[in-house]
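**Student:** Below are the sequence and a predicted model for it; my questions follow.
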Amino acid sequence: MTKLYIKPIFPMTEKDFLPNPYQEFPDKGGVSWKAPSNIALVKYWGKKPVQIPANPSISFTLDNCATTTSLSFAKKEKSDSISFDLMFEGRPKDDFKPKIQTFLERVERYVPFLKAYHFTIETSNSFPHSSGIASSASGMAALSLCLMDVEKQLDPDLDETLFYQKASYLARLGSGSACRSIKGHLVQWGQHANIPNSSDLYGLEYPFEVHADFKGYCDTILLVHKGQKQVSSTVGHQLMHGHPYAANRFQQAFDHLDQLKPILKNGDLEDFIKLVESEALTLHAMMMTSMPCFMLMKPDTLEIIQKIWQYREETKTPVCFTLDAGANVHLLYPSSEKDKVCAFIEDELAQHCENGQYIHDYVGAGAVKING
Ligand code: DP6
């Protein structure tokens, strides 16, 4: 039999993600994947339709903070619409359904088996739902991997590289940062002239040399505020349209990716810290200077930042912070500093966390299939 699929030449285009004709159609089945969360060092903030980033970004893939999703499917009589049930942590969760429905409609062109089956999606997070940690990245990544796993059953010749790239491509259509939650360690997303094969369409395992110090890097997430965010990321991204500082900000992200290359190669922690903290504060500066403006940091976020700066000054420990689109603080440090930093967290920082809660995490190897 002739194989239709020819290994693509980078970078891939949207057409490359359309499937080959399916060879088989099992009546039913089930797949499960666990995908981690990620924390951006250079932030994605601003996008164009559909889910194209205004600037390139790069993140550490995490390990402990993850979503596990099981997708079971059964052939149905009429294949004219998308249909699914959604369970979150063992219970039906109808308020998550519209987001998943939009996602499935958006990706249907690329995974056209969707209408042939009725799906049951069961999903759970390793972190508490109310922790303020965004689960959309890990959630969309896990669901996209499940969809690709079904596609692999329909097209057993599907190449492994394409499997993961397409999973990242689909995940991006669910939530931009989700495309960086498939592969491990450091993942870069967004076209950049000096990063070969970089693409706006999917995340790429960082292609340059990375110093051993960054391999097991730690990220302790200090849970400052666990409630609902006052402004969603989606709204925040939109506010970059017509933002007075947008052009400079986007250029800065391109420049930061260039600057990171020697820093990551040489393990230059001093410059790493400067760049990462500047990215975090610039992200929040963009929020504070958009129209309408908003602020997601809380007084405890600022207290923590001050204490980190003071501790670093006094002890010369290479610990720094980054922020998501929220009040929580991600404390980043090499694993060799773990004991010292854990004592610092307990003594000084935990008191600024809601109910004293924080989560230890570290750089991980990416999503994994769960065998049922
Ligand atoms: C601040 O990926 O959550 O975490 O594409 O609208 O789903 P949507 O946005 P999302 O934005 C993440 C923004 C960020 C920075 C980052 O992760 O790069």
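**Tutor:** Yep, that arrived. Numbering: from 1, shown residues only.

**Student:** Tell me which residues touch the residue lying closest to Cys293 once chain neighbours are set aside, please.
**Tutor:** Nearest non-adjacent residue to Cys293, counting by CB to CB, 6 or more residues apart in numbering: Met287, 7.1 Å away. For glycine as for every other residue, the C-beta is placed from the backbone atoms N, C-alpha and C. Met287 makes contacts with Val231, Gly236, Leu239, Cys293, Phe294, Met295, Leu296, Ala325, as judged by CB atoms under 8 Å, 6 or more residues apart in numbering.

**Student:** my guess is the fifth one meets Met288, correct?
**Tutor:** What it means is Phe294. Yes: in this structure, Phe294 is within contact of Met288 by CB atoms under 8 Å, at 7.4 Å.

**Student:** Tell me, how many residues neighbour Pro11?
**Tutor:** By the criterion of other CB atoms under 10 Å, Pro11 has 16 neighbours.

**Student:** so where does the nearest residue to it once chain neighbours are set aside fall, helix or strand?
**Tutor:** Excluding the flanking residues, the one nearest Pro11 by CB to CB, 6+ apart is Ser199, at 4.6 Å. Secondary structure from DSSP states H and E places Ser199 outside every helix and strand.

**Student:** residue contacts, Ser199?
**Tutor:** Phe10, Pro11, Met12, Trp189, Gly190, Gln191.

**Student:** would you list those residues in CSV and tack on pLDDT and distance to the ligand?
**Tutor:** Shown next, in CSV, are the contacts of Ser199 (pLDDT from 0 to 100; distance: CB to the nearest ligand atom, whole Å):
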residue, pLDDT, distance to the ligand
Phe10, 66, 22
Pro11, 79, 20
Met12, 90, 20
Trp189, 98, 8
Gly190, 98, 10
Gln191, 97, 15
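
**Student:** List buried members of the residues you listed by neighbour count.
**Tutor:** Pro11, Met12, Trp189, Gly190, Gln191 (16 or more other CB atoms under 10 Å).

**Student:** Among these, which ones are in strands?
**Tutor:** Using DSSP state E, the subset of the buried ones among the contacts of Ser199 located in strands is Trp189.

**Student:** from the buried ones among the contacts of Ser199, which two are the most distant?
**Tutor:** For the buried ones among the contacts of Ser199, the farthest-apart pair by CB to CB is Met12 and Gly190; their separation is 14.3 Å.

**Student:** Is the residue nearest to Cys293 located within a strand, as I assumed?
**Tutor:** No: Met287 is assigned helix when assessed by DSSP: H, G, I helix; E, B strand; the rest coil, not a strand.

**Student:** Can you give me the separation between it and the ligand?
**Tutor:** Per CB to the nearest ligand atom, to the nearest Å, Met287 is found 9 Å from the ligand.

**Student:** residues near Glu346, how many?
**Tutor:** 12.

**Student:** Quick check: beta-bridge partners of Ile52?
**Tutor:** Lys48 (DSSP bridges).

**Student:** could you flag which of the contacts of Met287 are buried?
**Tutor:** Of the contacts of Met287, these count as buried by 16+ other CB under 10 Å: Val231, Gly236, Leu239, Leu296, Ala325.

**Student:** Can I get these in a markdown table including secondary structure, pLDDT and distance to the ligand?
**Tutor:** As requested, the buried ones among the contacts of Met287 are exported to a markdown table (DSSP: H, G, I helix; E, B strand; the rest coil; pLDDT from 0 to 100; distance: CB to the nearest ligand atom, whole Å):
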| residue | secondary structure | pLDDT | distance to the ligand |
| --- | --- | --- | --- |
| Val231 | coil | 86 | 11 |
| Gly236 | helix | 95 | 7 |
| Leu239 | coil | 98 | 12 |
| Leu296 | coil | 95 | 9 |
| Ala325 | coil | 93 | 4 |
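
**Student:** so which pair among the residues you listed is furthest apart in space?
**Tutor:** For those, and using CB to CB, no pair is farther apart than Leu239 and Leu296, which are 12.4 Å apart.

**Student:** Would you quantify the distance from the nearest residue to Ser198 once chain neighbours are set aside to the ligand?
**Tutor:** Leaving out its chain neighbours, the residue that sits closest to Ser198 by CB to CB, 6+ apart is His192, at 4.7 Å. Distance, His192 to the ligand, using CB to the nearest ligand atom: 14 Å.
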